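Quick one: sequence plus predicted model below, questions after.
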Amino acid sequence: MTTTVPPAERADAGPPSLRPSGLAPRRRIINRVAQVLITLALVVAVVPLAWVTIAVLARGFQILSWQFLTEDIPNSYRRHGPGMAPAIVGTFLITGMAALMAVPLGVFGTMADVMTGVPSIVMGLFIYTVVVVVTGEKTGFAGSLALACLMLPIVIRSSEEILRLVPDDLRQASLALGARQWRTILTVVLPAAISGITSGALLAIARAAGETAPLVATIGITFAVNPNLFSGQNTALPAQIFRNASQPFEGAQERAWGAALTLVVIVFVFTVLARVVVSRFAIKER
């Protein structure tokens with residue numbers, strides 16, 4: 001009659017030198033030290049992030065209100081009071097236009113490795129030289145071009161990796177049924193990878209929404225809502241955070257904290273929506 005060995009006994013059935021209790025004292029000490037160092041590294045990384053988050057929440061809630069979200073920006077940094085509607089509208093318009101340009105190109109584009117290492121300020125100066133200097137006007141569309149160039153390598157790399165994860169069996173089955181290569185890609189490969197592509201696209205949008213340097217050089221500044229991206233200067237939350245935070249006046253610094261909290265909330269909402277969309281697609285795929 002065969003006797004079944006309990007799992008706990010099987011786990012300890014190996015050589016004594018491989019059991020946790022059989023480790024040499026020196027190796028146990030090194031293991032403990034490594035665990036302590038890893039924990040300390042985690043604390044060092046989390047503490048600044050938590051401190052910044054708490055500071056933004058505490059200072060931002062002091063000024064955040066309905067008037068702050070809907071009124072125009074004061075045309076003097078000395079003035080107190082709310083008003084960040086033009087920057088909020090500009091952020092949505094400029095980032096949305098950048099996404100419309102970058103996401104389709106990123107799915108089918110190349111040269112991602114070359115563009116990944118380009119600093120954001122360099123991209124902003126490039127668009128400034130190519131677009132703003134040529135047209136003679138800073139516009140929201142110029143800012144969208146700069147952000148699209150920053151988003152492009154992220155979308156390309158994430159899409160490439162996700163498309164590689166699609167099983168070859170799906171491609172071969174589609175081709176075996178007589179479908180052409182382009183139809184296989186559009187109807188089989190892309191739908192199977194749509195959840196990962198969506199995650200990569202929204203990750204790129206989240207990065208672009210917080211970029212400051214390219215916008216400072218390309219969009220100019222305005223104190224009222226400008227829905228036209230192709231004519232007139234515009235503004236966005238990162239640019240307003242930079243300009244107001246660099247002023248010595250209390251009213252400007254209050255608006256900077258409020259704008260920072262607004263930007264954090266916008267990125268958080270889009271992240272949650274992204275997870276909802278990805279989960280929906282994942283359910284359909286299963």
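Yep, it's here.

Look at Gln247 and give its secondary structure.
Classification of Gln247 using DSSP: H, G, I helix; E, B strand; the rest coil returns coil.

Is it in contact with Ser76, as I believe?
No. In this structure, Gln247 is not within contact of Ser76 by Cβ atoms under 8 Å, at 10.1 Å. (Each C-beta comes from the backbone N, C-alpha and C, glycine too.)

Which one's more surrounded, those two?
Set Gln247 next to Ser76 and count neighbours by other Cβ atoms under 10 Å: Gln247 wins out with 14 against 10.

what sits against that one?
Taking Cβ atoms under 8 Å, 6 or more residues apart in numbering, we find Gln247 in contact with Tyr77, Gln253.

now it: how far from Met84?
Gln247 sits at a distance of 15 Å from Met84 (criterion: Cβ to Cβ, to the nearest Å).

Can you get me a residue count around Leu177?
9.

can you tell me which residues contact the closest residue to Ala192 other than its chain neighbours?
Leaving aside its sequence neighbours, Ala192 sits nearest to Val166 (Cβ to Cβ, 6 or more residues apart in numbering; 4.8 Å). Neighbouring residues of Val166 by Cβ under 8 Å, 6+ apart: Val189, Ala192, Ala193.

Lys138 too?
If a contact means Cβ under 8 Å, 6+ apart, then Lys138 has Val132, Thr218, Ile219, Gly220, Gln233 as its contacts.

middle-most residue in this structure, spatially?
Central residue of the chain (Cα atoms, centre = their mean): Ala206, 2.8 Å from the mean position.

May I have the phi/psi pair for that one?
For Ala206, the backbone dihedrals (degrees, to the nearest 10) come out as phi -60, psi -40.

can I assume it is in contact with Phe270?
Yes. Look at Ala206 against Phe270 with Cβ under 8 Å: they come within range, at 6.6 Å.

how about Val189, secondary structure?
helix.

wouldn't it be in contact with Gln172 here?
No. Distance between Val189 and Gln172: 11.6 Å, which falls outside the contact criterion (Cβ under 8 Å).

More neighbours: the two, which one.
Higher neighbour count among Val189 and Gln172: Val189, with 18 against 11, using other Cβ under 10 Å.

Contacts only, for Thr222.
Counting by Cβ under 8 Å, 6+ apart, Thr222 touches Ile73, Pro86, Gly90, Gly232, Gln233, Asn234, Thr235.

ok, and the most crowded of the residues you listed?
Busiest of the contacts of Thr222 [other Cβ under 10 Å] is Asn234, holding 31 neighbours.

Let's see the pLDDT reported for it.
For Asn234, the pLDDT comes out at 90.

which ones are touching the residue nearest to it when sequence neighbours are not counted?
Take Asn234 and drop its neighbours on the chain: the residue closest to it by Cβ to Cβ, 6+ apart is Gly140, 3.6 Å away. Listed by Cβ under 8 Å, 6+ apart, the contact set of Gly140 reads Gly90, Leu93, Ile94, Met97, Ile219, Asn226, Asn228, Leu229, Phe230, Gln233, Asn234.

for the third one, helix, strand, or coil?
What that stands for is Ile94. Here Ile94 is recorded as helix under three-state DSSP.

where's it relative to Pro214, distance?
Distance of Ile94 to Pro214, given as Cβ to Cβ: 10 Å.

overlap in contacts of these two?
Common contacts of Ile94 and Pro214 (Cβ under 8 Å, 6+ apart): Gly143, Leu147.

shaky segments in this protein?
Across the chain, the ranges flagged by pLDDT under 70 are 1-23, 107-116, 281-286.

buried stuff in the helix or strand containing Gly143?
Taking DSSP states H and E as the definition, Gly143 sits inside helix 140-165. Buried residues in helix 140-165, counted by 16 or more other Cβ atoms under 10 Å: 140-159, 162-163.

Now Gln247. Its backbone dihedrals?
With angles defined as degrees, to the nearest 10, Gln247 sits at phi -90, psi 150.

one step back: can you pull the contacts of the residue nearest to the centre of the chain?
Contacts were defined as Cβ under 8 Å, 6+ apart; by that measure Ala206 touches Val267, Phe270, Thr271.

Helices along the chain, start to end?
For the chain, the helices defined by DSSP state H cover 7-11, 25-63, 66-70, 85-108, 112-116, 120-127, 133-135, 140-165, 168-176, 181-184, 190-209, 213-218, 237-245, 250-285.

Give me whichever of the ones you listed is most buried.
helix 213-218 (a mean of 26; mean count of other Cβ atoms under 10 Å).

roughly how far is that one from the heart of the chain?
Centre-to-centre, helix 213-218 and its host chain are 18 Å apart (Cα atoms, centre = their mean, to the nearest Å).
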